[in-house]
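1. Here is my input; please provide its structure:
(one chain, ligands or ions: 1)
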Amino acid sequence: MEIIDLRSDTLTKPTPEMREAMASAEVGDDVFGEDPTVNALQEKIKDLTGKDAALFVASGTQANQISINAHTQPGNEVICEYRSHIFNYEAGAPAMLSGVQLHPIYGEYGVIKEDEIIEAIRKTDHHFPQTKLIALENTHNRWGGTIYPIENIEKISVIAAEYDIRMHLDGARLWNASVESAIPIKTYARYFDSVTLCFSKGLGAPVGSVIAGSESFIDRAHYYRKAYGGGMRQAGILAAAAIYAMENNVERLREDHRRARILAEAVNEMSGFVVNLRTTQTNIVVIDTSLSGKTAPELTDEMQKEGIKMIAFSPTRIRAVTHQHITDNDIDKTIEILKSIASRRSHN
Ligand code: TLP
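-> Residues are numbered from 1 along each chain as shown. Alright, predicted model coming up:
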């Protein structure tokens, strides 16, 4: 049976053209700073983000955790959104590696209200941790790939400056936000002291993320990358895939967004399934199953038997992500199978 795998855009495999670029990459020892392809990638990221320096790292999680450590001291507090990746999916690393505590705030569609940020910022008092960092996520994964509006980012950056707090952006899917909103990555990056980007999601590279920031910030990030065992040697093979992805796969993301929208609208029409179409802004579709009489894991098991893979995000929510290997035909087939599951269920 042919499998349509919608669990994540991280599942994308390098294409023959990308493998060709990897195979012919010039390499050197990047721990000595001598890998020409890694250096070329970091230069490209400086241009793209408008930051003074950039550092290639192994993963999005490593990029976030290095950034948190480089911005804080143990005992500090980091404000983030309640459904953010750093709070939910990074293995408690802020506490484990940086000794900081997170202060999660619920934000509708992943967007935290500015007055709630002001309320969360700790006053100077010996009882309180010091708020050192505000971390935002764009697009916001667990909210369904929502785009953080630039006006809200700007307002938060003004508050951060007023309180002398740094700003970090988890931009694992900032490419998707930028393509969809037509706002350049540089414009988003302007409001942050550090920005991460991933090549291994919708862009289709096998491995790799990057952090961009000031010279002194990236210098500290370099130190933590070493401490986390993240210094890679002939990493140019991976950087070549990242460069290929940046040059060839960014505009293509529009196709993923279009297909996600078709899937979201069709599923929302099916009995027992609800998709909040306001959240389907990029390549992620979140299906609420609470009215179906079945749990999300029961439904994903049922789908899997028919060749469709999605992730049960919670007992009542399923996530589907479109990506490079998902075609129009796959979307039609997925809709057909979900329809039959929905109608079978409503006739039981
Ligand atoms: N997210 C993965 C899972 O961990 C949930 C996925 O399948 O979406 N920031 C954001 C917003 C992410 O969505 C992810 C990956 C990361 C960071 C971490 O990237 P990696 O997996 O490279 O450590």
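
2. Could you check how far the spatially closest residue to I4 that is not a sequence neighbour is from I156?
-> Leaving aside its chain neighbours, I4 sits nearest to D330 (4.7 Å; criterion: Cβ to Cβ, 6 or more residues apart in numbering). C-beta: built from backbone N, CA, C; applies to glycine. Remark: distance between D330 and I156 (Cβ to Cβ, to the nearest Å) = 38 Å.

3. follow-up on the earlier one: any idea how many residues pack against the residue nearest to I4?
-> 19 (other Cβ atoms under 10 Å).

4. who's in contact with the nearest residue to S314 once chain neighbours are set aside?
-> Leaving aside its chain neighbours, S314 sits nearest to A296 (6.5 Å; criterion: Cβ to Cβ, 6+ apart). The contact partners of A296, by Cβ atoms under 8 Å, 6 or more residues apart in numbering, come to 287, 289, 312-318.

5. can you rerun that using 10 Å?
-> 287-290, 310-319 (Cβ atoms under 10 Å, 6 or more residues apart in numbering).

6. buried ones in the host helix or strand of the residue nearest to I4?
-> Assigned by DSSP states H and E, D330 belongs to helix 328-347. Residues of helix 328-347 classed as buried: 330-331, 333-335, 337-339, 341-342, 345 (neighbour count, 16 or more other Cβ atoms under 10 Å).

7. Which single residue in this protein comes nearest to the ligand?
-> Proximity of the chain to the ligand (Cβ to the nearest ligand atom) peaks at G60, 2.5 Å away.

8. Is that residue in contact with L203, as I believe?
-> No. At 11.8 Å, G60 does not count as touching L203 under the criterion of Cβ atoms under 10 Å.

9. Now do the shared contacts for the two.
-> Residues touching both G60 and L203 (Cβ under 10 Å, 6+ apart): 173, 197.

10. Give me the buried stretch members for the helix or strand R19 falls within, please.
-> Using DSSP H and E, R19 sits within helix 16-23. In terms of neighbour count (16+ other Cβ under 10 Å), helix 16-23 has its buried residues at 18-19, 21-22.

11. Show residues contacting it.
-> Under Cβ under 10 Å, 6+ apart, the answer for helix 16-23 is 12-15, 37, 203-206, 236-245, 247-249.

12. which parts of the stretch 151-300 of the chain sit against the ligand?
-> 170, 172, 198, 200, 209 (Cβ under 6 Å from any ligand atom).

13. Name the strands paired with the host helix or strand of A54 and say parallel or antiparallel.
-> Taking DSSP H and E as the definition, A54 sits inside strand 53-57. If you go by DSSP bridges, strand 53-57 pairs up with strand 209-213 (antiparallel).

14. so where's this protein shaky on pLDDT?
-> Within the chain, the ranges that satisfy pLDDT under 70 run 345-348.

15. According to the record, where do the domains of it fall?
-> According to automatic domain parsing, the chain comprises the domains 11-248, 252-347.

16. So for the longest one, first residue to last residue, what's the gap.
-> Going back to what we said before, that points to domain 11-248. One end of domain 11-248 sits 18 Å from the other (Cα to Cα, to the nearest Å).

17. chain center to that domain: distance?
-> Distance of domain 11-248 from the chain centroid (Cα atoms, centre = their mean, to the nearest Å) equals 9 Å.

18. how about the strands in the stretch 51-200 of the chain?
-> 53-57, 77-81, 101-105, 131-137, 166-171, 194-198 (DSSP state E, counting those that start in this stretch).

19. looking at the ones you listed, which is closest to G28?
-> strand 53-57 (13.0 Å; Cβ to Cβ).

20. what angle sits between that closest one and strand 194-198?
-> Put simply, strand 53-57 runs at 40 degrees to strand 194-198, going by axes from the mean of the first three to the mean of the last three Cα atoms, to 10 degrees.

21. circling back to that earlier point, of the buried residues of helix 16-23, which pair is most distant in space?
-> Farthest apart among the buried residues of helix 16-23 - using Cβ to Cβ - are R19 and A21, which lie 7.3 Å from each other.

22. can you list the residues of the stretch 1-150 of the chain near the ligand?
-> 8, 10, 59-61, 85, 89, 137, 141.

23. Which stretches in the stretch 151-300 of the chain count as helices?
-> Along the stretch 151-300 of the chain, counting by DSSP state H, counting those that start in this stretch, helices occupy 174-181, 185-189, 215-227, 236-248, 253-268, 296-305.
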